[in-house]
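>>> Sequence first, then the predicted structure:
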Amino acid sequence: MTGPFRYTDPVPPKAATGVTADVYAQLAADFGIEGASTFVVLSASPPLLTGAWALLRESLLAGRASRTRKQVVAAGVSLANRCPFCVDAHTVLLHATGDHRLAEVIARGEVPADPEHAALLAWAKGTRTGQAGEPPFPAAHAPEFIGTALAFHFINRVVSSLLTETMLPGNAQRYRLVRSLAGRSLSRTVRRELTPGASLALLQTSGPEPAWAAGAPVGTAHAALREAARQGAGLLSEEDRAYVRDAVAASGGAHPPLTGDWLPARDERPGARLALLAAVAPYRITDEDVAAWRGPQHTDHCLVHLVAYGAITATERVEAALIADKEPV
């Protein structure tokens, strides 16, 4: 399958069957983008695909909080994680909400003039390093905002690991007019009110729901994604799993230096190296990193699960810092 996919050959929408086809259909209807590579890249593992889609849908797309405000959070997380593909995507989606100036201000790395948007952007960026501070949203909307932040901490890492930075052919998203036009084409879908919980029937895994979700559908989705992503731990030895967990905790969310001994050697611990890169610096994954671990024995299914394990390990660190902070006001 051609496109932005770096190391996998995902199931294209026209060839999809079963739950994968069901996700693609709901994705096209509710997100407005057919065959969105952000999710197609996970198609080798239906539990990961359904979990990631459900978490995004139930946090960002459905619910009572402003879609524009949640898009600001998604963009802020993507900026903090240095994911150009996702920053471009959220710029387009902010255009789709009709707030064209806000979209371009955030894309340029500037502070929005609106104090509420500025506070949300700062909070979102701070979630990576555990410095988010007081939540700038009401407690009733906490499941949606926290869910959106966690969804993109996971998705950013998958995207940076497994996709190129090219969102549109020829990198056309670099042009403001293209971003604006692309956003306008999605405006009707973005403004639709979606029924919460419609994605939950697609889920293939389950687990204990987080307290911060307060029983909302986003909690069920988050639990399903967490359980699916944790399955990637089985691709590593216990020693390597402990190494990855400890290194992610020690990182504190900081972007690691270009040199140093924070990363295990490629020829000694290739699996731990790849999972750790996915967790803290997925944009630094190279062909050599993937080849050193993959060999003939690991499939696309294995690769997306190992990346997902690194991504969820980092996301859980963010989650722990958020729930340890003060309750929303």
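Yep, that arrived.
>>> leaving aside the residues next to it on the chain, what's closest to residue 204?
Once flanking residues are discounted, residue 204 sits nearest to residue 47: 4.4 Å by CB to CB, 6 or more residues apart in numbering. Bear in mind the C-beta positions are built from the backbone N, C-alpha and C, glycine included.
>>> residues making contact with the helix or strand harbouring that neighbour?
Following DSSP states H and E, the helix or strand that holds residue 47 is helix 46-56. By CB atoms under 8 Å, 6 or more residues apart in numbering, the residues outside helix 46-56 that reach it are 18-20, 23, 26-27, 31, 39, 42-43, 147, 150-151, 154-155, 158, 199-200, 202-205, 217-218, 220-222, 224-229, 231, 304-305, 308.
>>> and it, how far out from the chain's middle?
11 Å (CA atoms, centre = their mean, to the nearest Å).
>>> ranges for the helices of the stretch 151-300 of the chain?
Taking DSSP state H, counting those that start in this stretch as the criterion, the stretch 151-300 of the chain carries its helices at 176-185, 187-190, 217-230, 238-251, 270-280, 287-294, 300-324.
>>> Report the backbone C-alpha coordinates of the third one in CSV.
Provided in CSV are the C-alpha atoms of helix 217-230 (Å, rounded to 0.1, in the frame of the first residue of the first chain):
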residue,chain,number,x,y,z
PRO,A,217,-17.5,6.3,27.4
VAL,A,218,-14.0,7.7,27.1
GLY,A,219,-13.0,5.6,30.1
THR,A,220,-14.1,2.4,28.4
ALA,A,221,-12.2,3.4,25.3
HIS,A,222,-9.1,4.3,27.2
ALA,A,223,-9.1,1.0,29.1
ALA,A,224,-9.4,-1.0,25.8
LEU,A,225,-6.5,0.8,24.2
ARG,A,226,-4.4,0.4,27.3
GLU,A,227,-4.9,-3.3,27.4
ALA,A,228,-4.3,-3.7,23.7
ALA,A,229,-1.1,-1.7,23.8
ARG,A,230,0.2,-3.5,26.9
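>>> Show me the contact partners of that helix.
With contact meaning CB under 8 Å, 6+ apart, helix 217-230 is reached by 45, 47-48, 50-52, 54-55, 57-59, 62-63, 143-144, 147, 150, 154, 196-197, 199-200, 203-210, 212-213, 305, 308-309, 311-312, 316.
>>> can you pull the contacts of the closest residue to residue 120 other than its chain neighbours?
The spatially closest residue to residue 120, leaving aside those adjacent along the chain, is residue 72, at 4.7 Å (CB to CB, 6+ apart). For residue 72, the contacting residues are 94, 102, 106, 112, 117, 120-121, 124, by CB under 8 Å, 6+ apart.
>>> repeat that for 6 Å
By CB atoms under 6 Å, 6 or more residues apart in numbering, the residues touching residue 72 are 117, 120-121.
>>> got it, and residue 253?
128-129.
>>> could you redo the last one with a cut-off of 10 Å?
Residue 253 makes contact with 80-81, 126-131, 153, 280, 314, 317-318, 321, according to CB atoms under 10 Å, 6 or more residues apart in numbering.
>>> Report pLDDT for it.
The score at residue 253 is 95. That number is its pLDDT.
>>> what does the one 5 residues further on give?
In this prediction, residue 258 carries a pLDDT score of 83.
>>> Give me the phi and psi for it.
Backbone torsions for residue 258, taken as degrees, to the nearest 10, come to phi -70, psi -30.
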